[in-house]
Structure formats: C-alpha cells, structure tokens
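[1] Next one to model:
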Amino acid sequence: MPQALEDIKVLDLSRVLAMPYCSMMLGDLGAEIIRVERPVLGDETRHWGPPWAGDQSAYYLCTNRNKKSITVDLKKKEGQEIIRLLARRSDILLENFLPGNLAEMNLSYADIKAINPKIIYASITGYGQNGPYRNLPGYDFIIQAQGGLMSIIGEADGPPMKAGVAIVDITAGLFACSAILAALHFREKTGAGQHIDIALLDSQVSWLANQASNYLISGKVPWRSGNAHPNIVPYETFKAKDGIYIALGVGNDNQWRKFCKLARIEHLMDDPRYATNPKRVANRKELVSILDKIFLENNSVEWLKLLAEAEIPSGPINTIDRVFADPQVLAREMLVEMEHPHTGKYRVVGSPMKLSETPVQYRIPPPLLGEHTAEVLRDVLGYDPTKIDRLKEEKVI
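    Residues are numbered from 1 along each chain as shown. The predicted model follows:
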C-alpha cells in the first residue's frame, strides 16, 4: 500500500532525542530519511546503555527506525558541500544545533534557501532562535525544571519530580512534526518553503494546560498534589487490598452518586460536604481519607469489575511488563517485532498513527553507524567509488 509521505525526502542533521523522534514519525509515514551522524561517534544515544540489544543501545533503537545513516564531518569543507548537495534534493531539513552554529558552516536556513527555495528547514533548540537564553544548550531534564513541570509533579510534602521519560523532547518532536506537515500543506498551495523554530521551553510551557490556566485566572501558584487532580475530586489513585493501585476518575456528580452506591457509602452521596464537585474539592483531604480505607476492603480485580459495570473511568496502574501484555495494547499493534542485522529480531513500540489508506510501515531497522554512506553518495549524489574512497581516507565521511 502507498504511504502518505513516500515522495518526501528528509535530511536529518540532528542529534539526541527531540528531532530524531520527529524524523522517525515522518519515516513511519513513508518519508525517506537520511540521518547524518558524526564519523566514529555517531548519535550520542548509541552509547546510552545498558541495556543493549547485541551492540545496539535500547535507547538508540527506540527512535531510529525507517532511516538511513550516513557519516559526515560537518567541520570539513567537503563535508559541508555534501550537506548542501543533499539539501538541494531534499524537501525537509531537520537540525538541533545551537543558533548560529550552522551559519558558521554556511548551512543556515538562509544558505540552504538560496539553493533550494522550497526547503522546509525545521530547527529544534532548547530556547529558540531569539531571546536571552538562545545560546544555551537545551536538556529535557533542565527544561522540565525551568518550564514549571517539576513543580507540579510529586507529593505535596515531597521534593519536585521529573516525568519518567524525556517528555519535553518527545512533545517538542511532535510539535515539530505537526508544524512540518502544515508547512508541507502550505508549500503545496504556494510553492514556498519556510523556517520552523521549535523550542523545548516553549513546548513544555504550552502544555501546562489547565495548571497554567488555573494560575493565570486565579493568581494562585499550583503546587504538587501527587496523583490528585487540581480541579476534580475524587480523581486520583487508591490502593486496593491486594496492593495494586487503581486510577479512579470520578469526573462529575452523576458518577459520584454511582460510585457511592457501588462502594456502599450511600450516606456520603448527598452529604453537603461532598454532594457537588466544588464541595468535594474544598473537602478533598477528609474525603480521600475515607476512600483510602474503603478501597482497602476489596482487591483490584473486584474494584475494576464494579467500576466498569458502573461505567466509572478507572484502570490499574500497570507496570511496563503488564502494559505490553495488555490485550488492548496488543490488539492495537503497539508491540512490533523488527529484524536488525546485528541483533536479530527485537521488539519495539509501534506507532500510534493509524491511517486507513496510507498505513504506517516498518521498513528499515535502526541503521548501523554510516551504514548507507556509500549508497547515498553513489546513488543520490553520483559520486564515483574513487571519490568515496578518498573522502573516507581523509575522514570527511
């Protein structure tokens, strides 16, 4: 079957997670991705282990399928010329260098636009192309701190906490991918390319969502509240008799009344302290204390059955192994097996994008470092074997 982006060519100059995550999504949709890495060292995530699958880090394997890898030393003139020649033939260029660094190599947006006016040139940096922090490197963990996320994660009486994955990198990659698809649509109508400027800090601030709105409307600074929702009660986790935690989402007063019946606490249903959500929020501490004791009366299977029958949102807090044994996760093909030349068969998380006419395909396993250098230089740029050998000897590639 065809793929949505199968005619789109992407030149990916990026390193680490945010932009590689973006380019993997474009590759899943059919784009041809040429990933440019440093000779010898390659992408930093290649070295972020253990764990390892053979000689490949699990970290690298998670975001680099459907790509070709070439190695080019961008500090050398002939290396820069290779990038310009590839950019001339590309639809999209991805990069996450500090602002100004690529301009020193004559590879800035202005430089590339001069030879390819239709190029969509997407930059992800820590803080964007302007502002007082523009020259600072961006790290997911630091941005989670600066952008306010860590201030609202953790227990009220505990220290600030980060999310368990590089959520800022990932969402910045998602924003970049969305902007790229919009730019492709605009180019289809006008023929014009453009520069896309994505900042990790902007991305994180943008999805503070209701917590940001709560502050901007009330003037009160949100604080850590564990798993509790700042605006809805009860909307948090409770420990069942068997030690399994359950996420409970009583989102409205009707669900509250149904919950009271199934939990056999009808006397609380019309209690003026708890009858409406605003009252439950105001009396959160007392109510949660009662519910903590109630949930310890039954095991998790019993609770989940009762809650499902009453159509009250709930679910177990699954460990990662239980996630990948979940029948819904498996039915949605979120666990995929691929074949790697060094590691053999290995499992990877599938794509959440389900398109009826142009489905995602898992065509190419994460490439070995420089695996496609000679192929790309020969087939795309027309370099002859003698020139490729010379570039290898001179450590340009």
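[2] and the gap between the residue positioned nearest the centre of the chain and G249?
    Taking CA atoms, centre = their mean as the criterion, I170 is the residue nearest the geometric centre of the chain, at 2.2 Å. Distance from I170 to G249, counting by CB to CB, to the nearest Å: 24 Å. All C-beta atoms are positioned from the backbone trio N, CA, C, and that covers glycine.
[3] Where does the residue nearest to the centre of the chain sit, in terms of helix or strand?
    Per DSSP states H and E, I170 falls inside helix 167-190.
[4] Mind listing residues that contact the helix or strand following that helix?
    Once helix 167-190 ends, the next helix or strand along the chain (criterion: DSSP H and E) is strand 194-199. Residues from elsewhere that reach strand 194-199 (CB atoms under 8 Å, 6 or more residues apart in numbering): 109, 113, 120-129, 138, 172, 175-176, 179-180, 183, 186-187.
[5] Let's see the PyMOL selection covering just the buried ones among those.
    In PyMOL, a selection of the buried entries from those looks like this (16 or more other CB atoms under 10 Å):
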select buried, resi 109+113+120+121+122+123+124+125+126+127+128+138+172+175+176+179+180+183+187
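[6] thought R15 was touching E44?
    Yes: R15 is within contact range of E44, at 5.8 Å (criterion: CB atoms under 8 Å).
[7] Helices of the stretch 101-250 of the chain, start to end?
    Taking DSSP state H, counting those that start in this stretch to define them, one finds helices in the stretch 101-250 of the chain at 109-115, 140-146, 167-190, 200-206, 209-218.
[8] between those helices, which gets nearest to H229?
    helix 209-218 (9.0 Å; CB to CB).
[9] who's in contact with that closest one?
    By CB under 8 Å, 6+ apart, helix 209-218 touches 148, 152, 205, 220-222, 230-231.
[10] The same query, at a cut-off of 10 Å, please.
    Contact with helix 209-218 is made by 148-149, 151-152, 205-206, 208, 220-223, 229-231, as judged by CB atoms under 10 Å, 6 or more residues apart in numbering.
[11] out of these, who's nearest K239?
    H229 (17.6 Å).
[12] With G249 as the reference, measure out to that closest one.
    8 Å.
[13] Please identify every residue contacting each of the two.
    235-236.
[14] Is the residue of the chain most remote from its centre in a helix, a strand, or coil?
    Centroid-distance maximum for the chain: H267 at 45.0 Å, with CA atoms, centre = their mean. When classified by DSSP: H, G, I helix; E, B strand; the rest coil, H267 comes out as helix.
[15] Ok, the one 5 residues further on next?
    For P272, the reduced secondary structure class is coil; criterion used: three-state DSSP.
[16] So what does it have for phi and psi?
    When read as degrees, to the nearest 10, the backbone of P272 gives phi -60, psi -20.
[17] Quick check: chain neighbours aside, which residue is closest to it?
    K279 (6.8 Å; CB to CB, 6 or more residues apart in numbering).
[18] Tell me which residues are up against the helix or strand hosting that neighbour.
    Per DSSP H and E, K279 falls inside helix 277-282. With contacts defined as CB under 10 Å, 6+ apart, helix 277-282 is touched by 228-235, 250-253, 255-256, 268, 271-274, 276, 286-288.
[19] From the residues you listed, list the buried ones, please.
    Taking 16+ other CB under 10 Å as the criterion, what is buried in these is 228-230, 232-235, 250, 253, 255-256, 268, 274, 287-288.
[20] re the thing from before, any idea of the mean pLDDT for the helix holding I170?
    Helix 167-190 shows a mean pLDDT of 97.
[21] if we can go back for a sec, any buried residues in the helix holding K279, and which?
    277, 279-281.
[22] wait, which of the residues you listed is closest to A156?
    Using CB to CB, the buried residues of helix 277-282 come closest to A156 at V281, 14.7 Å.
[23] if we can go back for a sec, M1 is nearest to which of the helices of the stretch 101-250 of the chain?
    Nearest of those (CB to CB): helix 167-190, 19.5 Å.
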